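> The following block contains a protein sequence and its predicted model.
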Amino acid sequence: MSVKNIQIELLSKQYYTLNKITFDYMMRNGDWVTQVRECYDRGDGAGILLYNTEKQTVILTKQFRMPTYMNDNENGFLLEICAGMLDKDNPEACIIRETEEEVGYRLKSVTKVYEAYSSPGVMTEKMHFFIGEYSDDMKVSAGGGLESEHEDIEVLEIPFKEAVRMLNNGEIHDTRTIVLLQYAQIHGLLGA
Ligand SMILES: Nc1nc2c(ncn2[C@@H]2O[C@H](COP(=O)(O)OP(=O)(O)O[C@H]3O[C@H](CO)[C@@H](O)[C@H](O)[C@@H]3O)[C@@H](O)[C@H]2O)c(=O)[nH]1
Ligand SMILES: [Mg+2]
């Protein structure tokens, strides 16, 4: 093991948890050094690219994201895949629930494609990536997110070609959305 003497100091525990971790780390040359890293723990997440092969469309969401507003995103709105935090659900159950809450489609099945750390230098979060086919008859509500949490999510159904155009023009600024749109391209989910 190249890590020992892990000490955890709680810096903040409000909505989520920020810990300061002090630990001894053995460098690749065999020397031991003490390192300090702040780790933000907000659990894990799941996201999904919803696509319809018949209509050649995908569903994306648009919502205000304060952290992006604080860093260069002019009006703070971000185009994203449907996504949410796991809570106590397993990833599949979470993304099926989030899909209904945020965009109003009731899915029966989803396909997991990746599992990846969101921002490994600072966050503990692991993200579970899914794809799922939707159709009009799966629509059960308008979506929009939970009123109780003041979620205000715009649901956008857009031609896949338009999504790819935005991707190629640098108009998509959410990594998870870029990953899954590229997945769809690489695997020809909506034709070549
Ligand atoms: N009061 C309060 N509410 C918060 C805070 N942070 C988040 N929330 C609320 O917690 C809820 C989380 O909604 P989800 O749909 O479950 O998560 P998400 O924010 O969409 O997160 C997804 O995207 C993130 C990337 O931006 C991912 O990091 C995450 O894993 C997930 O996939 C939202 O209602 C949000 O407003 C906070 O500090 N205080
Ligand atoms: Mg969400």
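Sure thing, it's come through. Ligands and ions are numbered 1, 2, ... in the order given.
> what's around residue 151, how many residues?
Per other C-beta atoms under 10 Å, the neighbour tally for residue 151 reads 16. Where C-beta positions appear, they are placed from N, C-alpha and C, glycine not excepted.
> For this structure, what lies in contact range of ligand 2?
Remark: the part of the chain in contact with ligand 2 comprises 83-84, using C-beta under 5 Å from the ion.
> any idea how far the residue in the chain that ligand 1 sits nearest to is from residue 84?
Closest residue of the chain to ligand 1, C-beta to the nearest ligand atom: residue 45 (1.8 Å). Per C-beta to C-beta, to the nearest Å, residue 45 is found 7 Å from residue 84.
> Skipping its backbone neighbours, what lies nearest the residue of the chain closest to ligand 1 in space?
Distance criterion C-beta to C-beta, 6 or more residues apart in numbering; nearest residue to residue 45, sequence neighbours excluded, is residue 127 at 5.0 Å.
> Help me confirm that the one you found comes into contact with residue 48.
No. Using C-beta atoms under 8 Å, residue 127 makes no contact with residue 48, being 11.1 Å away.
> what sits in contact with each of the two?
Overlap of the contact sets of residue 127 and residue 48 (by C-beta atoms under 8 Å, 6 or more residues apart in numbering) is empty.
> who's more crowded, these two?
residue 48 (31 against 21).
> Could I get the average pLDDT for the one helix or strand the more buried one maps to?
Using DSSP states H and E, residue 48 sits within strand 45-52. Average pLDDT, strand 45-52: 98.
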